[in-house]
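Colleague: could you look at this predicted model? Sequence included:
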Amino acid sequence: MSFGYMGKILIVNLSNGEISEESPGEEIYEKYLGGLGLGIYYLYKHLKYGIDPLGPENILGFLPGLLNGTNVPFSGRYTVVAKSPLTNSWGDANSGGFFGTELKKSGYDAIFFKGKSEKPVYFWLNDGKYELRDASHLWGKDTYETEEILQKELEIKGIRVACIGQTGENLSLISGIFNDKGRAAARSGLGAVMGSKKLKAIAVKGSKKVEIFDPERFKKTRKILLEPMALKTSKFTKIMGALFKPLTPWMLRKGLVAMSDVGMMVEGFREHGTAMLASASSEMGDSPCKNWKGVGSTDFPMKKMSYKISDDNVTKFKVKRFACQSCPLGCGAILDVNEGPYPLKESHRPEYETLAAFGSLILLDDVYALLKANDICNREGFDTISAGTTIAFAMECYEQGILTKEDTGGIELTWGNAEATIKILEKMVRNEKGIGEILANGVKIAAEKIGKDSEKYAMHILGEEIPMHDPRLNPSFGTTYITDPTPARHTQGGAGFLEFGMGMLPLQDIDLPKVEKYQYIGKGKPHKILANSTATLNALGICIFSTMFGQTPLVEIVEAVTGWKFANEKYLKTGERIQNLRLSFNIREGLKPSDFVLPERVRGNPPLTSGANANITIDIDSLRKDYFKEMNWNLNDGRPSKNKLEELDLNYVINDLY
């Protein structure tokens, strides 16, 4: 009997309709777990290098984490994998909600789609029974409509759906895959891969039980994992918060506020979700401002602008909380907006990244327009980070005279223009001829089409738009952006979170080295530990937010679920194996470290002259060098050493790289 995993994966050939099952075997599960780990293992083994990401040769995988379906706290994440059409590198995206657990309970640890259908189809998986069905009636529908139609059509309560909207159908390189009407596997452009295969949706329903090896130990350890969720904000913190509230903007700019009170974090996330961070992050210099050239405290100040799109001003529209599967925190929310120019029903509250990408990055302080932009992206399938960044790029091009009113179809694309933001976003969604078509694939392609030296305003790495955490405030975010095999990603782990004041390491009995924020030598080790840890989290299906509340007995609960010996060393080695295999995928594709470049503006060259990040130019080269040394990766060509590959049981990779 298998414990923690179902022991089977599905292979669906969309070209001929053939569907088969495979059993990877316990050794593979123990080495790669599930989710991200099983995904990179399968694609590295089966995907030919050099293929067109939007061609039938690409493989698109949906993988629940190893702990999905076990009711381990925070175990509601699943991973989508494929070769990225946005970056032509390894591509993965991660989402919460309920889809991943339902997929696991249907009896499978993964579904891999090969080939390409001649007509739109959807895949229906119901407790081990599966079939491809016609989706012509769904093509052109948004993600909300698609989910509702399938739930009604299939007539079974509790169906979960992952699907694409109009942007995925249009093969937009910044489109994602959406489930639960607003949870998004948004990055890497994987919605375009799904659209290229004419796969509109996957509907799943399951009732199978995930077996636990040691139920008694599981029960005791799970109780310990839940303990931080019972904490409340301390009386001292509440009193000090009230006393120093008038000084909050100044304290934030000076970096004198840290997320150190666990009770405060729990209460804050339950009430506001990541929306509680929007104004504070802008003020302290974490959120990029005005396409990375501005200063939040002056160009988007807290009292006059940023607070309008943060905290209470977003949460006041909440009608109910939203918690992903097995989540004791519940940081999501459903909103109804019954006032203003853009009424909305059953709309997911935007996350911090969205609030920054459509807020400080474009100087938009109109909460109604921002909520509308988020809703458009969720319904039509855009990655909000990429969409907001693309509009910021276009606004700067307009400011510089590179784009004119004639180019934009009469839209005055000025900074903070709410009406213009919605109109240009809608043109992008429709891939409308002219400006919509130019911007629909992100800033790299847009700059190539526009020319006129516009590429210097395009903030991306290898084509992927950069997340909303400024390396000039916390330099190691820059390390993650240029060293992770999926470029420009903040949630892949690293010392940036440590610099931000959050440990993000769930393991007990491991102390991370203490580092100074602007120390550029000696961060390789903590960066390695945190990046490897996050890779394992993604393979387990655990939300990264679980790591913000202190060290936990996570390895013990993995042992209780699986029966394997899974101490800290094995936990980190598993993540290192995943990271090295993802890197090897890119090396096999011909990519080098020099292809992953942090834009000069983002690293602080020239430096800002005011604000929290004034006079900062980060030494990104030293940060990368230090991390590569710790990982035993060649700085020139990126290759892991032969010894490292052998140590990680990746001998089958050596012939590809040497």
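Modeller: Happy to help now that I have it.

Colleague: quick one: stretch 139-154 to chain centroid distance?
Modeller: 24 Å (CA atoms, centre = their mean, to the nearest Å).

Colleague: let me redo that: stretch 305-312
Modeller: 23 Å.

Colleague: quote the end-to-end distance of it.
Modeller: 14 Å (CA to CA, to the nearest Å).

Colleague: flag every buried residue along it.
Modeller: Using 16 or more other CB atoms under 10 Å as the test for burial, stretch 305-312 gives 305-311. Any C-beta I mention is one placed from the backbone N, CA and C, and that applies to glycine too.

Colleague: what of stretch 337-347?
Modeller: So for stretch 337-347, counting by 16+ other CB under 10 Å, buried means 337, 342, 344, 347.

Colleague: ok, now which ones touch the residue lying closest to the third one once chain neighbours are set aside?
Modeller: Excluding the flanking residues, the one nearest residue 344 by CB to CB, 6 or more residues apart in numbering is residue 337, at 4.2 Å. Listed by CB atoms under 8 Å, 6 or more residues apart in numbering, the contact set of residue 337 reads 317, 343-344, 347, 368, 371.

Colleague: any idea how far residue 337 lies from residue 343?
Modeller: Separation of residue 337 from residue 343 (CB to CB, to the nearest Å) stands at 6 Å.

Colleague: run through the neighbouring helices and strands of the helix or strand where residue 586 lies.
Modeller: Element membership for residue 586, per DSSP states H and E: helix 568-588. With contacts defined as 3 or more CB pairs under 8 Å, 6 or more residues apart in numbering; DSSP states H and E, helix 568-588 has these neighbours: helix 26-32, helix 35-46, strand 90-95, helix 524-540, helix 554-562, helix 620-631, helix 642-647, helix 651-657.

Colleague: and the helix or strand following that helix, what does it pack against?
Modeller: The helix or strand immediately downstream of helix 568-588 is helix 600-603, counting by DSSP H and E. On a contact count with 3+ CB pairs under 8 Å, 6+ apart, helix 600-603 meets no helix or strand.

Colleague: buried stuff in helix 600-603?
Modeller: Quick answer for helix 600-603 (16+ other CB under 10 Å): 601-603.

Colleague: from those, which is closest to residue 51?
Modeller: Checking the buried residues of helix 600-603 against residue 51 by CB to CB gives residue 602 as the nearest, at 30.7 Å.

Colleague: quick one: secondary structure of the closest residue in space to the closest one that isn't next to it in sequence?
Modeller: Leaving aside its sequence neighbours, residue 602 sits nearest to residue 292 (CB to CB, 6+ apart; 5.7 Å). State at residue 292, reduced to three classes by DSSP: H, G, I helix; E, B strand; the rest coil: coil.

Colleague: okay, residue 192 and residue 206: tell me how far apart.
Modeller: Taking CB to CB as the measure, residue 192 falls 28 Å from residue 206.

Colleague: which of these two has more neighbours?
Modeller: residue 192 (29 against 23; other CB atoms under 10 Å).

Colleague: for that one, report the pLDDT, please.
Modeller: Residue 192 carries a pLDDT value of 98.

Colleague: pretty sure it contacts residue 171?
Modeller: Yes: Residue 192 lies in contact with residue 171 (CB atoms under 8 Å); the separation is 4.6 Å.

Colleague: between these two, what contacts are shared?
Modeller: 54, 85.

Colleague: count of neighbours near residue 10?
Modeller: If we define neighbours as other CB under 10 Å, then residue 10 has 22 of them.

Colleague: tell me how many other residues crowd residue 656.
Modeller: For residue 656, the neighbour count with other CB under 10 Å is 14.

Colleague: ok so, going back, any idea how far residue 520 is from the residue nearest to residue 602?
Modeller: From residue 292 to residue 520 the distance is 21 Å (CB to CB).

Colleague: now do the SS call for the closest residue to residue 546 other than its chain neighbours.
Modeller: Spatially, and ignoring its direct neighbours in sequence, residue 546 is nearest to residue 74 (3.8 Å; CB to CB, 6+ apart). Judged by three-state DSSP, the three-state class of residue 74 is coil.

Colleague: and for residue 74, the neighbour number?
Modeller: With other CB under 10 Å as criterion, residue 74 counts 28.

Colleague: the helix or strand harbouring residue 424 - contacts with which helices or strands?
Modeller: Using DSSP H and E, residue 424 sits within helix 418-429. Applying 3+ CB pairs under 8 Å, 6+ apart, we find helix 418-429 packed against helix 166-169, helix 367-380, helix 384-399, helix 435-439.

Colleague: just how off-centre is the second one within its chain?
Modeller: Think helix 367-380. The answer for helix 367-380 is 18 Å, by CA atoms, centre = their mean.

Colleague: now the third one
Modeller: Averaged C-alpha coordinates place helix 384-399 at 19 Å from its chain's average position (CA atoms, centre = their mean).

Colleague: please enumerate the strands of the stretch 1-150 of the chain.
Modeller: 9-13, 19-22, 60-64, 78-83, 90-95, 111-114, 121-126, 129-134 (DSSP state E, counting those that start in this stretch).

Colleague: picking that back up, the residue nearest to residue 546 against residue 328, yeah?
Modeller: Yes: at 7.5 Å, residue 74 counts as touching residue 328 under the criterion of CB under 8 Å.

Colleague: quick one on the thing from earlier: go through the helices and strands packed on helix 418-429 and name the closest to residue 608.
Modeller: Here helix 384-399 is closest among those (CB to CB), at 15.8 Å.

Colleague: now do the buried residues in that closest one.
Modeller: 384-398.

Colleague: closest to residue 91 out of the residues you listed?
Modeller: residue 386 (13.1 Å).

Colleague: okay, now the unreliable bits of the protein?
Modeller: 231-261 (pLDDT under 70).

Colleague: break it down into its structural domains.
Modeller: In the assignment given by automatic domain parsing, the structural domains of the chain cover 9-205, 247-465, 476-597+619-657.

Colleague: between the two ends of the shortest one, how far is it?
Modeller: Read that as domain 476-597+619-657. So domain 476-597+619-657: terminal residues 28 Å apart, CA to CA.

Colleague: mind starting the numbering at 378 from now?
Modeller: Sure, I'll start counting at 378 from here, so that last one is domain 853-974+996-1034.

Colleague: so what's the gap between it and the chain middle?
Modeller: That offset, for domain 853-974+996-1034, works out to 16 Å (CA atoms, centre = their mean).

Colleague: ok, stretch 671-683 next?
Modeller: Put simply, stretch 671-683 sits 26 Å off its chain's centre (CA atoms, centre = their mean).
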